[in-house]
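K.L.:
take this sequence and fold it.
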Amino acid sequence: MKPGTRFLLALRNFWKKHWKAIIIVIVVWITLIIINAYLRNRPEETTTTNTYFPDLPVIDYGGTVPKSKQDEVNNTIDSFFNYCNKKEYQNAYNLLTEDCKQYIYRNSIEEFMQYVDSIYTSTKIYNLQNYSNVDDVYIYDINILDDIMSTGTTGGYQEYKEKIALIEINGEMKISNQGYIGKVTFNNITGEDGNIKIRVLNKNMSYAREEYEVEITNKTDGYVLIGNGNIANEVTLNLGDQSRPALGIINNNMLLAPGETTTYYLLFDKYYDDGKTPTEINFNLIRLYGNNQETAIEGLSTNANTTYSMNIHLN
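P.N.:
Now for the predicted structure:
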């Protein structure tokens, strides 16, 4: 028998005896090649670290909370939260600004207690994030959560979030909550002509809105319509590069009878930290109707005896 034939017979016999082992070795070898190629060509892993800076503002318009104030701010928030959590209503209420007590709670601790009871229904925890800081007003987002570790809650998970403002008043840090910031009182901001007199008394600022209290006197012996919501932009707030229409005038008909003086509350969209300064309130369509009450109630400018505008400068 030729040598080549003997080699082929030996190889065939070896395959018959060991073919399973040979296939396993080949599969393992191919798998190792594939894994090695993947490891050589995969993207480099990057390590990310989640950091939490509660005093670093989300909106960097007014800078950060001064380091000299950070402890006082955080301690005040922590005290307020703990008082609410323990239902120590009076202690928590005492940490509010006087403007907040008046505007949000109408100087009623009972209304504040209702607020506390509606949120602190069980033991809570909170987390905090500085949002923006403007004119020494430090605005935070506070997120109030169920304390699952303490209560063992396995059902619904309650979460409540609001903006609070920290303001130093007479050397003491105070809180204004529910998105309210504070009040500005105006002195002698008035517009007047032979028909009407408009006095801007004050404004209450929330994070997203401003509400102006204005007193309007009808000096005529006929009816005067300032706004009824039937026409757009009857009253606007001038922010320099844009204007904002008063909200809800359709539900706050500004119609004055002869000689009448009435106080109105004009609400405008205006973010506290948007960097814009209101310059004027514009009364864009003052309508005089004489003594025809029905025509005045209809409010059509085409039926008015006279239409004109008046701008009240706020600065």
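K.L.:
going by C-alpha atoms from here, please, whenever you check contacts or count neighbours.
P.N.:
OK.
K.L.:
and residue 107, how far from residue 98?
P.N.:
Taking CA to CA, to the nearest Å as the criterion, residue 107 is separated from residue 98 by 8 Å.
K.L.:
could I get the full set of helices for the stretch 101-250 of the chain?
P.N.:
109-119, 148-151 (DSSP state H, counting those that start in this stretch).
K.L.:
mind telling me which of the ones you listed the model trusts least?
P.N.:
Looking at the helices of the stretch 101-250 of the chain, the lowest mean pLDDT belongs to helix 148-151 (a mean of 67).
K.L.:
partner residues bridging residue 214?
P.N.:
residue 200, residue 264 (DSSP bridges).
K.L.:
same question for residue 312.
P.N.:
Under the criterion used (DSSP bridges), residue 312 bridges to residue 281.
K.L.:
what sits against it?
P.N.:
189-191, 280-282 (CA atoms under 8 Å, 6 or more residues apart in numbering).
K.L.:
show the pLDDT at it.
P.N.:
So residue 312 comes in at 98 (pLDDT).
K.L.:
number the chain from 242, please
P.N.:
Yep, numbering from 242; the last one is residue 553 now.
K.L.:
from residue 490, how far out is it?
P.N.:
Residue 553 is 18 Å from residue 490, by CA to CA.
K.L.:
spit out the contact partners of the closest residue to residue 477 other than its chain neighbours.
P.N.:
In space, and not counting its chain neighbours, residue 477 is closest to residue 486: 4.3 Å by CA to CA, 6 or more residues apart in numbering. By CA under 8 Å, 6+ apart, the contact set of residue 486 is 473-478, 509.
K.L.:
kindly recompute the last result at 10 Å.
P.N.:
With contacts defined as CA atoms under 10 Å, 6 or more residues apart in numbering, the neighbours of residue 486 are 473-479, 507-510, 522-523.
K.L.:
tell me the one among those nearest to residue 306.
P.N.:
residue 510 (25.8 Å; CA to CA).
K.L.:
give me the neighbour count for the residue lying closest to the closest one once chain neighbours are set aside.
P.N.:
Spatial nearest neighbour of residue 510, chain neighbours left out: residue 450 (4.5 Å); criterion: CA to CA, 6+ apart. Using other CA atoms under 10 Å, residue 450 has 16 neighbouring residues.
K.L.:
so where's this structure shaky on pLDDT?
P.N.:
242-263, 266, 268-270, 273, 276-293, 391-398 (pLDDT under 70).
K.L.:
coming back round to it: more neighbours, residue 348 and residue 339?
P.N.:
A direct count of neighbours by other CA under 10 Å for residue 348 and residue 339 places residue 339 higher, at 18 against 14.
K.L.:
by how many degrees do the helix or strand harbouring residue 317 and helix 350-360 diverge?
P.N.:
Residue 317 is located in helix 308-326, with elements delineated by DSSP states H and E. Per axes from the mean of the first three to the mean of the last three CA atoms, to 10 degrees, the angle that helix 308-326 makes with helix 350-360 is 90 degrees.
K.L.:
show me what the helix or strand following helix 308-326 is packed against.
P.N.:
Going down the chain from helix 308-326, the next helix or strand is helix 330-335, by DSSP H and E. Counting contacts by 3 or more CA pairs under 10 Å, 6 or more residues apart in numbering; DSSP states H and E, helix 330-335 packs against helix 308-326, helix 339-346, helix 350-360, strand 413-417.
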